[in-house]
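S.K.: sequence below, structure please.
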Amino acid sequence: MKRNLLFLSKNLLKMALLLLCVSMVAFFLVSVSPINPLQANVGQTALGSMSPEQIQKLEEYWGVGQPPVERYLAWAGDVLRGDMGTSLIYRQSVASVIGQRLQNSLWLLIIAWALSGTIGFFLGAVAGANRGGIWDRLIKSYSLITASTPAFWLALLLLLFFSVWLKVLPIGLSVPIGMEASAVTLLDRVRHAILPALTLAITGVSSVALHTREKMIDVMESDYALFARARGDSNWRILRRHGLRNVLLPALTLQFASVGEIIGGSVLIEQVFSYPGLGQAAVAAGLGGDVPLLMGVTLVCAGLVFLGNLAANLLYGVVDPRMKGRESP
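M.R.: Numbers count the residues shown, from 1 in each chain. Purely as a prediction, here's the structure:
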């Protein structure tokens, strides 16, 4: 019990320090950004027709001209009190905007994360167990090609093929256009999430597959694998009894570490498919100078990445009892 409390306390402290550092860096980058929020959201023509008093009120609303340190301390104080502020673009509370967008993004993140990990582990295990064979060459070539393929380019290809040419999947958004929220079914949401999730899954397979392949090669060339092969065991039997168990923990570690890559890739993917998720909200906030919303999205994404790594630490003891009480490297 004491060890668990110590482990939890240490990770909560790490998370607090991580969020603090991330918020400071993000706020600094926003402060030095050349984007003028008034010109981006009001327009230069409209500003030219306004009186100095009106422009001053807009500058106060958008926080233009205030010292960055003063603005950061005011924002951090509000966050510590549970108030993430009001989105300057959507005119809603930041918590409300993030809550709505996070529901949509979780569809993509969970599906893509599960597919990329499962398929990547399976392909890597098959390639490593058949080193030098046709399956190894095909899987390795596929992984290297997808690893070097830009996610947005792949998204455009899938959109062109399945939505424009075949017309079997929606062209974008998260729900059908013009349909009331009460009429949207689960099947509608799934159909709209297929292409974005598939794009993220395809680009996320390569790292897991290549890493698992290398670990599987080490296992298949180990002394106990050679001894099992000398006893007459087939490669499939060695793979099933020894290989999968030994490569599962490294693959699990890499899979949870890839949460950040999945979240980062979703930003571009949501833009291509006009999918109203956290990534699209972050882009809109950055281009529009909506500091409260941008900071809120940044903190939520950093928290999700940290929780992914924490989940990997907690699962170590389940996968390998020898790792109980230890943390990932």
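S.K.: so what does residue 7 look like in phi/psi?
M.R.: phi -60, psi -40 (degrees, to the nearest 10).
S.K.: what's the pLDDT at the closest residue to residue 130 other than its chain neighbours?
M.R.: Once flanking residues are discounted, residue 130 sits nearest to residue 136: 5.0 Å by CB to CB, 6 or more residues apart in numbering. The way it works is simple: take the backbone N, C-alpha and C, and place the C-beta from them, glycine included. Note for residue 136: predicted pLDDT of 91.
S.K.: confirm that residue 136 sits in a strand.
M.R.: No. Under DSSP: H, G, I helix; E, B strand; the rest coil, residue 136 sits outside any strand and is assigned helix.
S.K.: can you get me a residue count around it?
M.R.: By the measure other CB atoms under 10 Å, the count of residues near residue 136 is 17.
S.K.: cool, and residue 258?
M.R.: By the criterion of other CB under 10 Å, residue 258 has 21 neighbours.
S.K.: residues touching it, list them.
M.R.: The contact partners of residue 258, by CB atoms under 8 Å, 6 or more residues apart in numbering, come to 113, 116-117, 204, 207-208.
S.K.: please report the distance of it from residue 285.
M.R.: 25 Å (CB to CB, to the nearest Å).
S.K.: now swap in residue 311 and tell me
M.R.: Between residue 311 and residue 285 the distance is 28 Å, computed by CB to CB.
S.K.: looking at these two, which is more packed in?
M.R.: In this view residue 311 and residue 285 are compared by other CB under 10 Å, and residue 285 has more residues nearby, 25 against 12.
S.K.: so that one sits against residue 298, correct?
M.R.: No. Residue 285 lies out of contact with residue 298 (CB atoms under 8 Å); the separation is 9.3 Å.
S.K.: after the helix or strand containing residue 238, which helix or strand is next?
M.R.: For residue 238, the host element (DSSP states H and E) is helix 235-238. As assigned by DSSP H and E, the chain's next helix or strand after helix 235-238 is helix 244-257.
S.K.: list the buried residues in that next one.
M.R.: Under the neighbour-count criterion of 16 or more other CB atoms under 10 Å, helix 244-257 has 244, 246-256 buried.
S.K.: ok, then the element right after that helix?
M.R.: Criterion used, DSSP H and E; the element after helix 244-257 is helix 259-272.
S.K.: from the contact counts, what lies against that following helix?
M.R.: helix 94-129, helix 151-158, helix 186-220, helix 278-288, helix 291-319 (3 or more CB pairs under 8 Å, 6 or more residues apart in numbering; DSSP states H and E).
S.K.: turn those into JSON lines, including distance to residue 145 and mean pLDDT.
M.R.: As requested, the helices and strands packed on helix 259-272 are exported to JSON lines (distance: least, CB to CB, whole Å; pLDDT from 0 to 100):
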{"stretch": "helix 94-129", "distance to residue 145": "13", "mean pLDDT": "88"}
{"stretch": "helix 151-158", "distance to residue 145": "10", "mean pLDDT": "90"}
{"stretch": "helix 186-220", "distance to residue 145": "8", "mean pLDDT": "87"}
{"stretch": "helix 278-288", "distance to residue 145": "24", "mean pLDDT": "85"}
{"stretch": "helix 291-319", "distance to residue 145": "26", "mean pLDDT": "80"}
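S.K.: TSV for the ones you listed, including distance to residue 173?
M.R.: Formatted as TSV, the helices and strands packed on helix 259-272 follow (distance: least, CB to CB, whole Å):
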stretch	distance to residue 173
helix 94-129	10
helix 151-158	14
helix 186-220	6
helix 278-288	11
helix 291-319	20
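S.K.: now for these, which one comes closest to residue 227?
M.R.: helix 186-220 (12.3 Å; CB to CB).
S.K.: for the closest residue to residue 198 other than its chain neighbours, which residues are in contact?
M.R.: Spatial nearest neighbour of residue 198, excluding adjacent residues (CB to CB, 6+ apart): residue 158 at 6.5 Å. Neighbouring residues of residue 158 by CB under 8 Å, 6+ apart: 195, 198-199.
S.K.: contact partners for the nearest residue to residue 255 once chain neighbours are set aside?
M.R.: The shortest distance from residue 255 to any non-neighbouring residue, by CB to CB, 6+ apart, is to residue 117 (4.1 Å). Residue 117 sits next to 204, 208, 251, 255, 258 when contact means CB under 8 Å, 6+ apart.
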